[in-house]
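J.: need a structure here:
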Amino acid sequence: MKYLIILFALVFIIRCENSNQIPTHKIQLSAEWTFKQTDKMEWFPATVPGVVHTDLLANQLIEDPYWENNELELQWIENESWSYKNEFLVDEKQLEFENITIDFEGLDTYAKVYLNGSLLLKADNMFRSWKKDIKENLIIGKNELLIVFESPIAHNKAIVQSANYKLPSGNEKGDIQVSSYTRKAAYHFGWDWGPRFVTAGIWRPVSINSWNGVEIENVQVQTISISDSLAKLRFIIQIDAKIEENNQLFIQIENELKPIASGQKTIQFDINVKNPKLWECNGLGDPYIYEYPIKLLHGENCIDSLIQKVGIRTIELINEPDKIGTSFYFKLNGKPIFMKGANYIPQDLFLPSVDSARYIKLINQIKELNINMIRVWGGGIYERDFFYDLCDQNGILVWQDFMFAGSMYPGDKAFKANVSEEVKQNIIRLRNHPCIALWCGNNEIEVAWNNWGWQKQFDYSTTDSVEIWHNYLSIFDTIIPQIIDTYNPLVNYTRTSPLSNWGTPENFNHSSMHYWGVWHGKDNFDDYVKNIGRFMVEYGFQSYPSMETIKLFTKDSSRYLQSAVMKNRQKSYVGNGLIQQEIERYYAPSDSFEDFIMKSQKVQSIALGKAIEAHLAAEPHCMGTLFWQLNDCWPGPSWSIIDYYGNRKIAYDTVKTKFKN
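T.: Model (predicted):
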């Protein structure tokens with residue numbers, strides 16, 4: 001057992017007041033972008049952040065990807081190369097800055113970046129940010145930035161075809177499966193609740209940043225000790241600087257001032273908080289946030305500053321042998337908490353189209369559902385900062401998967417180095433949010449390797465199997481935990497979910513559980529009462545969205561269950577037959593498409609109600625219930641209780657009521 005006391009911090013940069021220094025200069029490159037298919041001549045207006053599918057749609061070059069069966073007509077997009085271009089002006093004054101960098105918060109995925117005709121960088125990971133010094137590349141007057149995105153299929157085709165063995169690739173559709181080799185959101189390649197749209201583009205902001213001398217690079221805050229009367233906090237501040245002797249540089253927190261010595265890159269402060277107000281989760285109390293101004297001074301002049309928002313709380317995962325089997329539960333501020341929640345997937349296939357209003361609406365719904373924990377599932381993305389800010393403010397704990405799901409991965413040095421930087425960057429970016437409760441290595445890989453028959457399916461030799469498993473352990477048992485120990489040493493980590501498989505009765509006494517006996521195993525809903533694990537991370541039952549939603553993506557002629565459109569929308573191999581079976585178990589057989597839609601939601605509500613009620617009643621044997629799934633990434637049948645447009649299904653009120661008790 002590892003007892004963890006953690007203080008989390010949220011950073012917002014503000015400009016120094018009363019500074020005699022030239023201020024930091026930041027240009028967001030969000031306007032005047034154009035794009036084209038690389039092998040064609042004509043350029044069209046583009047939106048940044050954005051992706052090629054939404055740019056094609058905005059220019060009326062394709063029809064709505066979500067309408068009818070347009071998904072099937074638009075698969076050609078993933079096989080093409082796409083170019084984006086921006087022209088911006090630079091004057092002499094801007095070139096006076098000592099440091100000028102271009103910062104890409106997200107490039108999707110294989111990209112070559114050129115500035116004024118010179119290759120600046122090569123990107124190969126959707127989940128990473130990219131920063132490059134460009135002062136020597138800039139010219140006075142007009143500068144041209146060109147980004148060429150290569151198809152992930154074209155990029156990896158030769159690698160896949162020449163490999164000694166084929167790697168399992170989640171739910172990827174397509175003849176050539178490349179997702180195991182591509183550091184990109186796995187659900188873009190298709191899943192059993194969503195379509196295949198392999199996107200490309202500048203999916204997060206890009207900016208040019210200029211500054212002189214010194215800046216605050218990042219801050220980490222840790223808790224040394226905590227009691228009712230006193231919390232002792234440690235601020236570890238990283239400086240990006242070219243520091244000379246007699247530099248007169250200082251860091252100030254509250255009234256304490258410390259000099260920065262020549263060559264020093266980090267500086268540490270220990271702060272006492274009397275009678276601390278703790279950050280509590282939804283339903284237990286106030287998610288209280290402190291604010292600490294931090295200033296970087298040159299003499300008496302402020303040259304950089306930020307406000308560190310701090311939530312003080314402890315989080316501990318207890319995953320150890322006990323008299324039942326193996327426990328799996330969380331302590332928040334020293335108290336065992338039953339976690340009531342759901343699994344969250346990205347809100348769209350085209351991620352930049354999710355605006356702040358959609359995030360706010362969904363987090364408000366999460367809070368209204370009486371949820372205190374959500375799991376950010378490993379086949380999606382590390383969400384934007386705003387998402388975690390909202391979770392912080394509303395007391396929603398986050399089980400954060402790393403972005404690996406239902407696949408095995410290569411083990412070459414380049415892939416591991418890429419993953420290492422991805423993990424490092426996202427830990428540093430997210431580690432200070434009070435909502436982060438757990439880092440989890442991956443979704444369902446270990447249970448798949450041990451129970452899904454991959455070795456036989458892919459005809460692996462003993463040597464192949466040993467190598468593939470070694471590569472797995474290298475990433476999830478060595479690389480990721482070592483990076484966590486370096487950059488976030490007080491955090492909880494588990495290498496996979498689930499840790500137990502539902503096929504064996506004894507396993508319900510051990511650790512985390514994804515129970516899919518209901519649905520994939522076609523068990524009766526009453527089996528939710530019989531099969532209760534120590535922490536239920538996944539379980540659920542499908543339903544269709546309302547007829548009002550279905551009308552938004554179909555013609556009248558497609559609104560029946562056996563239509564080509566409805567067949568394509570149902571991505572699960574179990575599909576509509578099981579829904580109909582349960583409808584007939586609880587109600588009269590459906591007499592129309594509309595009746596089937598409504599009753600699908602009713603039986604989903606029954607399923608989730610039975611499961612949640614059983615899990616809550618089984619405390620302390622069971623200490624958590626996270627149903628699959630909260631939301632949708634496009635309009636169609638799925639396990640969600642909130643559809644793509646944010647509309648509530650019948651099960652929404654059932655979950656809300658059960659979680660309130």
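
J.: any idea whether the residue nearest the centre of the chain is helix, strand or coil?
T.: By CA atoms, centre = their mean, the mean C-alpha position of the chain lies nearest to Y382, the distance being 2.5 Å. Using DSSP: H, G, I helix; E, B strand; the rest coil, the structure places Y382 in coil.

J.: quick check, it in contact with M403.
T.: Yes: Y382 is in contact with M403 according to CB atoms under 8 Å; the separation is 6.5 Å. Every C-beta, even on glycine, is put in place using the N, C-alpha and C of the backbone.

J.: which neighbours do these two have in common?
T.: F127 (CB atoms under 8 Å, 6 or more residues apart in numbering).

J.: now do the phi/psi pair for the residue nearest to the centre of the chain.
T.: Dihedral angles of Y382 (phi, psi; degrees, to the nearest 10) stand at phi -80, psi 120.

J.: who touches it in this structure?
T.: Taking CB under 8 Å, 6+ apart as the test, what Y382 contacts is 127, 376, 400, 403, 426, 429-430.

J.: next one: V178
T.: V178 touches 152-153, 155-157, 159-160, 169, 172, 189, counting by CB under 8 Å, 6+ apart.

J.: what helix or strand is the spatially closest residue to it that is not a sequence neighbour on?
T.: Leaving aside its sequence neighbours, V178 sits nearest to N156 (CB to CB, 6 or more residues apart in numbering; 3.9 Å). Following DSSP states H and E, the helix or strand that holds N156 is helix 152-162.

J.: heading C-terminal from that helix, find the next helix or strand.
T.: strand 206-211.

J.: gap between the residue nearest to the centre of the chain and G141?
T.: 38 Å (CB to CB, to the nearest Å).

J.: what does I237 give?
T.: Taken as CB to CB, the span from I237 to G141 is 38 Å.

J.: can you check L390 too?
T.: L390 is 42 Å from G141, by CB to CB.

J.: ok, now E291?
T.: Counting by CB to CB, the gap from E291 to G141 is 43 Å.

J.: do the same with I100
T.: 15 Å.

J.: these two: which has the busier surroundings?
T.: Taking neighbours as other CB atoms under 10 Å, I100 and G141 compare with I100 leading, 22 against 8.

J.: the more buried one contacts N143, doesn't it?
T.: No: counting by CB under 8 Å, I100 stays clear of N143, with 11.2 Å between them.

J.: in the strand or helix carrying I294, what's buried?
T.: Mapping I294 onto the secondary structure by DSSP H and E places it in strand 290-298. Of all the residues in strand 290-298, those buried under the rule 16 or more other CB atoms under 10 Å are 290, 292, 294-298.

J.: distance to S356 and pLDDT added to these, as JSON lines?
T.: As requested, the buried residues of strand 290-298 are exported to JSON lines (distance: CB to CB, whole Å; pLDDT from 0 to 100):
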{"residue": "Y290", "distance to S356": "24", "pLDDT": "94"}
{"residue": "Y292", "distance to S356": "26", "pLDDT": "94"}
{"residue": "I294", "distance to S356": "26", "pLDDT": "95"}
{"residue": "K295", "distance to S356": "29", "pLDDT": "94"}
{"residue": "L296", "distance to S356": "30", "pLDDT": "91"}
{"residue": "L297", "distance to S356": "34", "pLDDT": "91"}
{"residue": "H298", "distance to S356": "36", "pLDDT": "86"}
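
J.: please produce a markdown table containing those, extended by distance to V178.
T.: A markdown table is the format used below for those (distance: CB to CB, whole Å):
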| residue | distance to V178 |
| --- | --- |
| Y290 | 46 |
| Y292 | 46 |
| I294 | 44 |
| K295 | 48 |
| L296 | 45 |
| L297 | 51 |
| H298 | 50 |
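
J.: of the residues you listed, just say which sits nearest to Y539.
T.: Y290 (37.7 Å; CB to CB).
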